[in-house]
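K.L.:
3D, please:
(2 chains)
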2 protein chains.
Amino acid sequence: MSFRDRLAGRAEAIDAYLDDKLPRDGRVALTDAMRHAAGGGKRLRGFLVLESAALFGLPVAAALPAAGAIEAIHAYSLVHDDLPSMDDDDLRRGLPTVHVKWDEATAVLAGDALQSFAFGLLASEAAHPDPAVRVALIASLAKAAGAEGMVLGQALDIAAETAGRALGLDEITALQAGKTGALIGWAAEAGAVLAGEDPAPLGRYAAALGLAFQIADDILDVEGDETKTGKRLGKDEGAGKATFVSHLGLDGAKARAAALVAEAEAALDGFGDRGEILRDAARFVIEREL
Amino acid sequence: MSFRDRLAGRAEAIDAYLDDKLPRDGRVALTDAMRHAAGGGKRLRGFLVLESAALFGLPVAAALPAAGAIEAIHAYSLVHDDLPSMDDDDLRRGLPTVHVKWDEATAVLAGDALQSFAFGLLASEAAHPDPAVRVALIASLAKAAGAEGMVLGQALDIAAETAGRALGLDEITALQAGKTGALIGWAAEAGAVLAGEDPAPLGRYAAALGLAFQIADDILDVEGDETKTGKRLGKDEGAGKATFVSHLGLDGAKARAAALVAEAEAALDGFGDRGEILRDAARFVIEREL
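P.N.:
As a prediction, the model looks like this:
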């Protein structure tokens, strides 16, 4: 099976799981908006959960709640980031963003409810038979998603924009470690946590992968095709924003991303051939396919 | 000790706990905004956690993480509800709301991070030595806060406003059961969950208390004093919004609230004198002191 087929298969399993678990309430736009927000996407984070679990022999069903949870957190962050007061985006995954399709209040609430939903999934018995494992996943997700992780990254981004100051390379790296890296790290480590194994090698893999992913995203913003990515491009340059590309140049950024992918691959050496799918994922990230 | 002194003492303990646990990061407005949002207030929900725990002999320290968590969730909901796209309030607890003092993006992010923070508190070992108890509190809080609880209540409220339709009494009751009732219910039951006891009597107490609280809030919106309540009043009538007062009249609403307080008190009969503080809390709710 090709990597692309495997990725699509995992995404399908996650879609079906979320469709089954997300609430439905005909009285309000809220639950439709949550489903709209949580739908689609390549499910990279959920894929990492399922594949890191598979590394330790765990079946898909055992890792789906954690995969669904991280995708729900990611979806909530996109809905809020797209708000007019934040990045003001009207297009996401090829569809109108939640505040465009409904309104801002619904977008705020749908994001809020998706965050609660994610923690609810991890707290459910289906997430893991041992409550100590569930609570470990919840503690690490709260940290990765909140004011020391993803939200901090977004706040650093806004602070730089508000100050009208171009960030240095170290600052962009720190910002991205929060904004994208924290959730990717949680996702890759989740399989090891579910299996009761050491998450450190997957943590190193994810740190390199997450940064490569963000550099690829910056490259995509310059070179990409909106019809393929399903989101608005060229925004960073238009806004005069410092990116990996503005610092390193297009070729420099590509070289740095390639080095990070090699680093991510090497972190999985201990897993031998079993690590091949996650190594493929790292390579795909810079081939712009993720 | 008077009830008011006891309430103030509990609030002080919760304030100190949150001040100790909330993050601080000088690079961003985020953490100051979280502290601003989570500061002040009478801490009714946290008080209910601490006092329901005390019913079963648990010390304050054993219940503070749960009390802090519910206050953090409540604070996040206020920050988001106050946004221009929602209730558009500029004053809260006598101070400018987060989006007025900073900006909308910071308000969205501070609310988001407060929600993650709340789940993080409950996942920490300090919340309870048994992970099964922690995970039970997290599962019930996710439900109470999300698309079947508090956020649903807010969405129902917005749906009614958008449709320009005045709600019937049953609909307002359902709306408030979500918007205010769900968190109050979680708070009152938390003490029993922490103690490993049956939460049902506290659930009945909280259901009556929560509704009484909301009716009192509607009465306050008509009769209250902004300098005492620290928030804008008269908004419902100005907006032509259906409330318990518009349905039942001022006297009818007062009579209904009083009956609910009696119901809340009766739910605690099994606790004898130990239930007196929570009974006092129910009485205070309609005396406009909470």
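
K.L.:
In this structure A:Val108 contacts B:Leu83, no?
P.N.:
Yes. Between A:Val108 and B:Leu83 there is a contact at 6.4 Å, judged by C-beta atoms under 8 Å. Glycine gets a C-beta too; all of them are placed from N, C-alpha and C.

K.L.:
which one is A:Asp130 nearest to, not counting chain neighbours?
P.N.:
Nearest in space to A:Asp130, with sequence neighbours left out and distances taken as C-beta to C-beta, 6 or more residues apart in numbering or on different chains, is B:Pro131 at 8.0 Å.

K.L.:
near chain B, which residues of the stretch 101-250 of chain A?
P.N.:
With C-beta under 8 Å from any C-beta of the partner chain as the criterion, the stretch 101-250 of chain A comes near chain B at residues A:103-106, A:108-109, A:111-113, A:115-117, A:119-120, A:122-124, A:130-132, A:134-136, A:138-139, A:141-143, A:145-148, A:151-152, A:154-156, A:158-159, A:162.

K.L.:
Helices - which of those land there?
P.N.:
Among those, the residues falling in helices (DSSP state H) are A:104-106, A:108-109, A:111-113, A:115-117, A:119-120, A:122-123, A:131-132, A:134-136, A:138-139, A:141-143, A:145, A:151-152, A:154-156, A:158-159, A:162.

K.L.:
isn't A:Ala207 right up against A:Gly181?
P.N.:
Yes. Using C-beta under 8 Å, A:Ala207 is in contact with A:Gly181, at 6.6 Å.

K.L.:
What's the local residue count around the residue nearest to A:Asp130?
P.N.:
Counted with other C-beta atoms under 10 Å in any protein chain shown, residues neighbouring B:Pro131 total 19.

K.L.:
Same check on the one 4 residues further on?
P.N.:
By other C-beta under 10 Å, the residues close to B:Val135 number 27.

K.L.:
can I assume it is in contact with A:Ala123?
P.N.:
Yes. The pair B:Val135 / A:Ala123 is scored as a contact, 5.1 Å apart, by C-beta under 8 Å.

K.L.:
So for those two, which residues contact both of them?
P.N.:
A:Arg134, A:Ile138 (C-beta atoms under 8 Å, 6 or more residues apart in numbering or on different chains).

K.L.:
In terms of helices and strands, where is A:Ala69?
P.N.:
Assigned by DSSP states H and E, A:Ala69 belongs to helix A:60-81.

K.L.:
got the CA coordinates for that helix in PDB?
P.N.:
Output of helix A:60-81 as PDB, limited to C-alpha atoms (Å, rounded to 0.1, in the frame of the first residue of the first chain):
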ATOM      1  CA  VAL A  60      -6.400   1.400  15.300                       C
ATOM      2  CA  ALA A  61      -9.400   1.100  17.500                       C
ATOM      3  CA  ALA A  62      -7.300   1.400  20.700                       C
ATOM      4  CA  ALA A  63      -5.800   4.700  19.400                       C
ATOM      5  CA  LEU A  64      -8.900   6.300  17.700                       C
ATOM      6  CA  PRO A  65     -10.100   8.300  20.800                       C
ATOM      7  CA  ALA A  66      -6.700   9.900  21.100                       C
ATOM      8  CA  ALA A  67      -6.500  10.500  17.400                       C
ATOM      9  CA  GLY A  68     -10.000  12.000  17.500                       C
ATOM     10  CA  ALA A  69      -9.100  14.200  20.400                       C
ATOM     11  CA  ILE A  70      -6.000  15.800  18.800                       C
ATOM     12  CA  GLU A  71      -8.000  16.400  15.600                       C
ATOM     13  CA  ALA A  72     -10.700  18.100  17.600                       C
ATOM     14  CA  ILE A  73      -8.200  20.300  19.300                       C
ATOM     15  CA  HIS A  74      -6.600  21.100  16.000                       C
ATOM     16  CA  ALA A  75     -10.000  21.900  14.500                       C
ATOM     17  CA  TYR A  76     -10.900  24.200  17.400                       C
ATOM     18  CA  SER A  77      -7.700  26.100  17.000                       C
ATOM     19  CA  LEU A  78      -8.300  26.600  13.200                       C
ATOM     20  CA  VAL A  79     -11.800  27.900  13.800                       C
ATOM     21  CA  HIS A  80     -10.600  30.400  16.300                       C
ATOM     22  CA  ASP A  81      -7.400  31.300  14.300                       C
END
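
K.L.:
Against which helices or strands is the following helix or strand past it packed?
P.N.:
Downstream of helix A:60-81, the first helix or strand assigned by DSSP H and E is strand A:91-92. Applying 3 or more C-beta pairs under 8 Å, 6 or more residues apart in numbering or on different chains; DSSP states H and E, one finds that strand A:91-92 contacts no other helix or strand.

K.L.:
Flag every buried residue along stretch A:248-255.
P.N.:
The neighbour-count criterion (16 or more other C-beta atoms under 10 Å in any protein chain shown) identifies A:Leu248, A:Ala253, A:Lys254 as the buried residues of stretch A:248-255.

K.L.:
Give me the residues contacting it.
P.N.:
With C-beta under 8 Å, 6+ apart as the test, stretch A:248-255 has contacts from A:Leu169, A:Ile215, A:Asp218, A:Ile219, A:Val222, A:Glu223, A:Phe244, A:Val245, A:His247, A:Arg256, A:Ile286.

K.L.:
could you dump those to JSON lines with secondary structure and pLDDT?
P.N.:
Shown next, in JSON lines, are the contacts of stretch A:248-255 (DSSP: H, G, I helix; E, B strand; the rest coil; pLDDT from 0 to 100):
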{"residue": "A:Leu169", "secondary structure": "helix", "pLDDT": "93"}
{"residue": "A:Ile215", "secondary structure": "helix", "pLDDT": "94"}
{"residue": "A:Asp218", "secondary structure": "helix", "pLDDT": "90"}
{"residue": "A:Ile219", "secondary structure": "helix", "pLDDT": "91"}
{"residue": "A:Val222", "secondary structure": "helix", "pLDDT": "86"}
{"residue": "A:Glu223", "secondary structure": "helix", "pLDDT": "84"}
{"residue": "A:Phe244", "secondary structure": "helix", "pLDDT": "93"}
{"residue": "A:Val245", "secondary structure": "helix", "pLDDT": "93"}
{"residue": "A:His247", "secondary structure": "helix", "pLDDT": "94"}
{"residue": "A:Arg256", "secondary structure": "helix", "pLDDT": "96"}
{"residue": "A:Ile286", "secondary structure": "helix", "pLDDT": "83"}
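
K.L.:
Next, give me the two most distant ones among these.
P.N.:
A:Leu169 and A:Glu223 (20.1 Å; C-beta to C-beta).

K.L.:
rewinding a little: between A:Val108 and B:Leu83, which contacts overlap?
P.N.:
The contact sets of A:Val108 and B:Leu83 overlap at B:Val108 (C-beta under 8 Å, 6+ apart).
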